[in-house]
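*Asks:* coordinates for the following, if possible.
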Amino acid sequence: MKRIIFFVFLYFTGFLTTGAQDTADSLWNNANSHYANAQYQEALDNYLEIESSGRESAALYYNIGNTYYKMRYIAYAILYYEKALRLEPNNPDIIYNLEIAREQCTDRIEPVPTFFVVDWIRKSHQLLSSDMWAIVSVILLVLALTFFMFFHFARGLRFRKTAFILSVIVFLFAAASTAFAWQSRKQAIREDIAIVLAAVSSVKSAPGSQGKDLLVIHEGTRVRVLEEMGDWVRIELEDGRQGWVALNEIVFVY
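*Replies:* Below you'll find the model as predicted:
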């Protein structure tokens, strides 16, 4: 009897999963059709319904961003392009559309220049996803161990030297791949990036309405949240300036 109940449970679980997938596919196709016919509100409703079901993908966020951009909701377009970029940090289409959307923003904040080595490392770890870097790291580690085994058991001096040098070089590449995997994963799960959605937001010297106004930022501006205090958050702009804004004026990317 328990076995029968178990198989019935598996059957209905599979049925519900298949039904949910069919619904998502139907919404996706309808949304794409509406978008192609310039029915942007209908497309957006379908895309957001897919998102509300708990599904997440770079393609979904990218299409939502495109739809918001067509509807001239630039801040929301930037928000969803950032969400898509978090999942696929090296996608050229997402990067391009995000830059186009940012050009529509009022604020032009130049990021603080970074040392070229840091910039090179950042671009390098974005070439692959964290999972792919992890796979590369494992493959290289196995290869390094293979060369080390050749070194350990080989008899010829020249062959032993070559095998040892190759094992060290490949091991260093494996270590670099592991570091890239960790950094890529860290970027993907970071929870401190937010987009200003309020049309105008006053950055204050202290949390609360009594704080001194330091500057004004506008919708679409990307900020890093440093800390939260009640209904206020301390943010940092890309040029390094800091201050406090109301929590309800921003939306986190994660």
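
*Asks:* residue ranges for the strands of the stretch 1-150 of the chain, please.
*Replies:* In the stretch 1-150 of the chain, no strands are found when defined by DSSP state E, counting those that start in this stretch.

*Asks:* any regions of it where pLDDT drops low?
*Replies:* Scanning the stretch 1-150 of the chain for pLDDT under 70 picks out the ranges 1-22, 112-126.

*Asks:* just the helices in it please.
*Replies:* Applying DSSP state H, counting those that start in this stretch to the stretch 1-150 of the chain gives helices spanning 2-36, 40-52, 58-70, 74-87, 92-102, 116-125, 130-153.

*Asks:* name the helices or strands packed onto the fourth one?
*Replies:* Spelled out, that is helix 74-87. Helix 74-87 is packed against helix 58-70, helix 92-102, helix 157-189, strand 193-196, with contacts defined by 3 or more Cβ pairs under 8 Å, 6 or more residues apart in numbering; DSSP states H and E. Every C-beta, even on glycine, is put in place using the N, C-alpha and C of the backbone.

*Asks:* just the CA trace of the shortest one, in PDB.
*Replies:* The C-alpha trace of strand 193-196 is given here as PDB (Å, rounded to 0.1, in the frame of the first residue of the first chain):
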ATOM      1  CA  ILE A 193      23.600  46.600  -5.600                       C
ATOM      2  CA  ALA A 194      20.400  48.600  -6.100                       C
ATOM      3  CA  ILE A 195      18.800  50.900  -8.600                       C
ATOM      4  CA  VAL A 196      17.100  54.200  -7.700                       C
END
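
*Asks:* which of the helices of the stretch 1-150 of the chain sits closest to Gly211?
*Replies:* Proximity to Gly211 (Cβ to Cβ) singles out helix 74-87 among those, at 23.4 Å.

*Asks:* need the winner for burial among the helices of the stretch 1-150 of the chain.
*Replies:* Among the helices of the stretch 1-150 of the chain, ranked by average contacts under mean count of other Cβ atoms under 10 Å, first place goes to helix 74-87 (a mean of 24).

*Asks:* compute the inter-axis angle for it and helix 157-189.
*Replies:* 150 degrees (axes from the mean of the first three to the mean of the last three Cα atoms, to 10 degrees).

*Asks:* neighbouring contacts of helix 74-87?
*Replies:* Residues outside helix 74-87 that contact it (Cβ atoms under 8 Å, 6 or more residues apart in numbering): 56-59, 61-62, 64-66, 68-69, 91, 94-95, 97-98, 101-102, 104-105, 187-188, 193, 195-197, 219-220, 222, 251, 253-254.

*Asks:* now render the helices and strands packed on helix 74-87 as TSV, adding distance to Ala36.
*Replies:* As requested, the helices and strands packed on helix 74-87 are exported to TSV (distance: least, Cβ to Cβ, whole Å):
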stretch	distance to Ala36
helix 58-70	11
helix 92-102	17
helix 157-189	31
strand 193-196	27
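
*Asks:* closest one to Pro111 among the ones you listed?
*Replies:* Closest of the helices and strands packed on helix 74-87 to Pro111 is helix 92-102, at 11.6 Å (criterion: Cβ to Cβ).

*Asks:* now for that closest one, which elements pack on it?
*Replies:* Helix 92-102 packs on helix 58-70, helix 74-87, going by 3+ Cβ pairs under 8 Å, 6+ apart.

*Asks:* as a markdown table, those with distance to Glu110 would be great.
*Replies:* Converted to a markdown table, the helices and strands packed on helix 92-102 look like this (distance: least, Cβ to Cβ, whole Å):
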| stretch | distance to Glu110 |
| --- | --- |
| helix 58-70 | 23 |
| helix 74-87 | 17 |
